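K.L.:
dropping a prediction and its sequence here:
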Amino acid sequence: MSVFIDGSTLSSLLYSHSNSAGNQEGLLLGQVIDHVKDHISDSQINNSQVQTCMYVSSHIPWPNEDRVYSRGGVPIMEKLAALLGDSHRKEEVVGWYSFRRNSTLRMSMKERTLHKHLETRFCPHKPDHFLFFMCADTVSAECTTHSMDHFFVTVAKASGGVKKISMTVSNLGDTLHTQYKTLANMSVTNSSAVKSILRKFQSQFVSQSEQMAEVKRIDDLSSTLNNDLMKLCKQVAESEHKAGELEMEVEGMREELAKREDKRREAERRIMEAE
Amino acid sequence: MSVFIDGSTLSSLLYSHSNSAGNQEGLLLGQVIDHVKDHISDSQINNSQVQTCMYVSSHIPWPNEDRVYSRGGVPIMEKLAALLGDSHRKEEVVGWYSFRRNSTLRMSMKERTLHKHLETRFCPHKPDHFLFFMCADTVSAECTTHSMDHFFVTVAKASGGVKKISMTVSNLGDTLHTQYKTLANMSVTNSSAVKSILRKFQSQFVSQSEQMAEVKRIDDLSSTLNNDLMKLCKQVAESEHKAGELEMEVEGMREELAKREDKRREAERRIMEAE
Amino acid sequence: MPASCVQLESDAYLVCLTHALSTEREEVMGLLIGEVDVNRVVHISAVIVLRRSDKQPDRVEISPEQLSDASTKAERLAQELKRPMRVIGWYHSHPHITVWPSHVDVRTQAMYQMMDDNFVGLIFSVFNEDKNTKQSRIQVTCFQAVQGGYGGSEHERYEVPLKITPSSAIGWECLEALVELPGILKQEEEEAYQNASVSVPEEDLISRIHNSAVYTKSLCHVMEVLSGPLMTMLENRLEINRIRHQHLLRQKQQLQKRLTETT
Amino acid sequence: MPASCVQLESDAYLVCLTHALSTEREEVMGLLIGEVDVNRVVHISAVIVLRRSDKQPDRVEISPEQLSDASTKAERLAQELKRPMRVIGWYHSHPHITVWPSHVDVRTQAMYQMMDDNFVGLIFSVFNEDKNTKQSRIQVTCFQAVQGGYGGSEHERYEVPLKITPSSAIGWECLEALVELPGILKQEEEEAYQNASVSVPEEDLISRIHNSAVYTKSLCHVMEVLSGPLMTMLENRLEINRIRHQHLLRQKQQLQKRLTETT
Ligand SMILES: [Zn+2]
């Protein structure tokens, strides 16, 4: 079993934690794919192996002010359902996560209870396939270096044993452009027959503006995708702004209530003293 | 300076030797390309380097029965011109070669003389760029293993010093098909926006028969090239057959002449005895 | 006088980290935009992702052109926000290696400090998985350069306190920087393709097809590894904000009710 | 009884060597077609280049299907030439390594000899350049397997005398085998492409474009490294034959003249 996660998905997850004051928890969304790998052994016996890949593609943070589980670690299903209910997602719930600050990287009893309940709710047929992502944020003595230590685990249904799962962060790898041809192809320029064939096929591969047609096509696809990213970016900026303003408004109301509470207490204190 | 030669060119050269009874010599054809390699050093000083690449793409064997040079190693220019004269080649004469059997891999005095003359004729402006390909064919004691030891050299005009040149045999390298995608792309199947864009571009990349259009195009080009190879193959087979038959005819005539010579000698001997 | 402390806004942290996690085979880099207050606290609120002009996996260097472009961007941002924004630092990644700056890093930092003694450096250590424990670690450190002890000529690392501060929203500049990443990589690929193609003769169709296939494969890779996941991430962000907004509205109503009651 | 000697026609040698020099990263292999005379001399005159059914760089193995196909080809050739042709041996390459057969090679050879005790093995050692002397070496050796000394179970190498015999022409079968090489590689690539594409969903256009670019790049590579050079080689062969024919005609005329004179 392996976990695969894109770099931008992982950084979004870690940002979610950095952006909250306290600890952070939430659901992990993605897909589970079983790959059948046919392995032809030396004795030529077909020995099929099933390799399970867990793709984590999104996350949903739980609100800090409104807990989705009881004090003992029992989830409140209607609250979880509300988080997922309106979603038009293609992704499944593949696990959950927990961020803590300056704390141990060990699963607590409450976390075990919560895991068991979530697993039963979201992954009843394959209990050993439900993920828990644990991440601890520690700061050095002088606050100069921040560390995020993290890993994925599953919990065995029978034994309750915690098993760590290998994690791969998908990324670009090598981008050093070493595969391009920079020299003329001697065997092409030497053979008159080859040159004749290539001249015939020129129009199938090269556009009228002397550009390679497939390059034009992939450029168009890539540009369209990047343009749509920019449009989506604007939508997100708006929704960030709207939610941000509402948060500040709510924060203002809390402060107002707190002030009133202080005044009320002060007033009561004066009355008490006066009596 | 480096020498580049295709695998099929090299094997054709070695076949030419294997197919002759005695030693073999001939001209090497190809191209000389000077590549300017801009090397940005650590001090950010643009330090241009010229790298000379010698591409050997063909060869022309010299007839064994009709020498193209004198006993002392002076080439007979009209015979060399006749070998090249009718050719509609784009290739230049970039060097010459010599195969020997069970002999040393050292350039003889005659070979040095011949090299100097050929160099002056074919490569007057860049004497140090004219190649000599030396190859020795040795057989093990029990004739079970054949070895072809070979290298390229140039001869310095001033000093006469022989310099070996590094040789690269162009080949396919890795053909293990490791770059193909075999798994679904999660980021594509998860995003509705991405899926929508891809649906729009489907027709630009995929043909009506659900085949990738570029695959169809490259298949057509490749098949056309392979078909032309087969046609050329038939032409070569015919020319091989024609030349082969003529060679056997000539061989038959030699034998006939030899027989007549023997009979003549025998007759003369009888006459001498009779007298 | 060195910076006393650095406050890195969490959305700027998101951009740096996303960039750092984009490739494990090369060091990536960028510039940091922000302000310095009277207490010499450096406030970083935006990021400029930089192209790799000279591709050497273990070297990062900012060209004068890149610095000039970045200053222009910072000035534009300052006008938009009506705040004194400027290029105030740089960041780069250390894939598979320690978070601590190398001698080259410290020397580079010292050079930037000659122009601006509040200029700071951030290093993101990424792609560090312990194969035995299957535990991964991502680190970020903040540093400047100081003169070596006892008047030495060699510069030494000086660690600067770093705080990653929460914000109520991911700002436009940070969102824009994120979605510019695939575009930057596309430009790099275009340049590589064009540089290679210049020396291929027009008649050599096979090499031209080969190069266009290399280009196609590279762009597919960028779309698959970066554009696609960013799309998914932004769509998820919309969903998170929808949930958050819904939740905040409920809270607002409750608070409104309580405020009415206490009037 | 093992073979007494092997005579390899030079045009068959050309095919084997061209195949062996086609890649330095993998061992390639094929089958040898020929006859055995009453003195147990093996005469090899044609070659069947084989596809690599299971791509493991350091292993070569002939499948039952490949052997069956080759036998069919040999039978067809026998009918065409009116000679008792059959599959009489195998060859494979040793890029960058010694010409001597490995234990696996000897065991494989022993297995084939169970079917036919005249079956021989050829090994072509290629891509061996001494970086210091810049001298290259290409070798070919001929071997069979014999029972180990003192009744041992392990098989040992038995070296067979090999002669590469000149021929007056490159035969059609050998020319055909040469030009089949690019086609074989194209088939291998098609299979790899189709196997990979089976598991990519139709909607995943990016992965489909990626795979088609990989396929395109591979075919360009085959065309550049194999098809193109073979084309040049054959065109050169036509030129060599033109010169040779011209030269032979001149000789024929001279000989004709002398024959007339001596009549
Ligand atoms: Zn072997």
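P.N.:
Thanks, I have the structure now. What you see is a predicted model; the values in this text were computed from it and never measured. Numbers count the residues shown, from 1 in each chain, chains lettered A, B, ... in the order given.
K.L.:
can you map out the strands along the stretch 101-250 of chain A?
P.N.:
Remark: strands assigned in the stretch 101-250 of chain A by DSSP state E, counting those that start in this stretch are A:131-139, A:145-155, A:162-170.
K.L.:
thought residue C:138 was touching residue C:123?
P.N.:
No: counting by CB atoms under 8 Å, residue C:138 does not reach residue C:123; the two are 11.5 Å apart. The way it works is simple: take the backbone N, C-alpha and C, and place the C-beta from them, glycine included.
K.L.:
by mean pLDDT, which helix or strand of the chain comes out lowest?
P.N.:
Answering for chain A, as no chain was given. Least confident helix or strand, chain A: helix A:186-190 with a mean of 73, by mean pLDDT, DSSP states H and E.
K.L.:
other chain: chain C
P.N.:
For chain C, counting by mean pLDDT, DSSP H and E, that's helix C:64-81 with a mean of 87.
K.L.:
residues from the stretch 101-250 of chain A in reach of chain B?
P.N.:
A:183-184, A:186-187, A:189-190, A:192-194, A:197-198, A:200-201, A:204-205, A:214, A:217, A:220-221, A:224-225, A:228, A:232 (CB under 8 Å from any CB of the partner chain).
K.L.:
one more time with 10 Å
P.N.:
Within the stretch 101-250 of chain A, the positions adjacent to chain B are A:170, A:182-184, A:186-187, A:189-198, A:200-201, A:204-205, A:213-214, A:216-218, A:220-221, A:224-225, A:227-229, A:231-232 by CB under 10 Å from any CB of the partner chain.
K.L.:
for chain C, which helix is longest?
P.N.:
Longest helix of chain C, by residue count under DSSP state H: helix C:228-261.
K.L.:
what angle do that one and strand A:162-170 make?
P.N.:
120 degrees (axes from the mean of the first three to the mean of the last three CA atoms, to 10 degrees).
K.L.:
near chain D, which residues of the stretch 101-250 of chain C show up?
P.N.:
Counting by CB under 10 Å from any CB, the stretch 101-250 of chain C sits next to chain D at C:204-224, C:227-228.
K.L.:
so where's the chain shaky on pLDDT?
P.N.:
Unless you meant another one, I'm taking chain A. The model of chain A has pLDDT under 70 over residues A:37-48, A:86-89, A:174-177.
K.L.:
let's do chain C instead
P.N.:
C:53-60, C:149-153.
K.L.:
pull the contacting residues for the residue in chain C that chain B sits nearest to.
P.N.:
Among the residues of chain C, residue C:228 lies closest to chain B, at 3.1 Å counting by CB to the nearest CB. With contacts defined as CB atoms under 10 Å, 6 or more residues apart in numbering or on different chains, residue C:228 is in contact with A:6, A:8, A:57, A:225, A:229, B:185-191, B:193-194, B:198, C:182, C:222, D:206.
K.L.:
returning to what we had before: so which of the residues of the stretch 101-250 of chain C next to chain D belong to helices?
P.N.:
Taking DSSP H as the definition of helices, these contribute C:205-222, C:228.
K.L.:
any idea how far the longest helix of chain C is from the chain center?
P.N.:
Averaging C-alpha positions (CA atoms, centre = their mean, to the nearest Å) puts helix C:228-261 27 Å from its chain's average.
K.L.:
likewise for stretch A:268-275?
P.N.:
Mean-position distance between stretch A:268-275 and its chain equals 56 Å (CA atoms, centre = their mean).
K.L.:
wondering if it reaches chain C at all.
P.N.:
No: judged by CB under 10 Å from any CB, stretch A:268-275 stays clear of chain C, getting no closer than 13.2 Å.
K.L.:
residues of that stretch that come out buried?
P.N.:
Across stretch A:268-275, burial judged by 16 or more other CB atoms under 10 Å in any protein chain shown covers no residue at all.
K.L.:
could you do stretch A:12-24 as well?
P.N.:
A:12, A:13, A:14, A:15, A:16, A:17, A:18, A:19, A:20, A:24.
K.L.:
now the fifth one, nearest residue through space, not along the chain?
P.N.:
Taking CB to CB, 6 or more residues apart in numbering or on different chains as the measure, residue A:16 lies nearest to residue A:61, with 5.3 Å between them; neighbours along the chain are not counted.
K.L.:
the one you found bridge partners, please.
P.N.:
Beta-bridge pairing for residue A:61 (DSSP bridges): residue A:26.
K.L.:
any idea how far residue A:209 is from residue C:258?
P.N.:
Per CB to CB, to the nearest Å, residue C:258 is found 68 Å from residue A:209.
K.L.:
isn't there a strand covering residue A:273?
P.N.:
No: under DSSP: H, G, I helix; E, B strand; the rest coil, residue A:273 sits outside any strand and is assigned helix.
K.L.:
one step back: the longest helix of chain C vs helix D:205-222, what angle?
P.N.:
Going by the same axes, to 10 degrees, helix C:228-261 makes 160 degrees with helix D:205-222.
K.L.:
and helix C:228-261, what's buried?
P.N.:
Buried-residue list, helix C:228-261, by 16+ other CB under 10 Å: C:228-237, C:239-241, C:243-245, C:247-248, C:251, C:255, C:258.
K.L.:
phi, psi for residue C:97 please.
P.N.:
Main-chain torsions, residue C:97, degrees, to the nearest 10: phi -130, psi 170.
K.L.:
what number of residues lie near it?
P.N.:
15 (other CB atoms under 10 Å in any protein chain shown).
K.L.:
do the same with residue C:109
P.N.:
22.
K.L.:
helices or strands up against the helix or strand in which it is found?
P.N.:
Secondary-structure assignment from DSSP states H and E places residue C:109 in helix C:103-115. Secondary-structure packing of helix C:103-115 (3 or more CB pairs under 10 Å, 6 or more residues apart in numbering or on different chains; DSSP states H and E): strand C:86-95, strand C:120-130, strand C:135-147, strand C:155-159.
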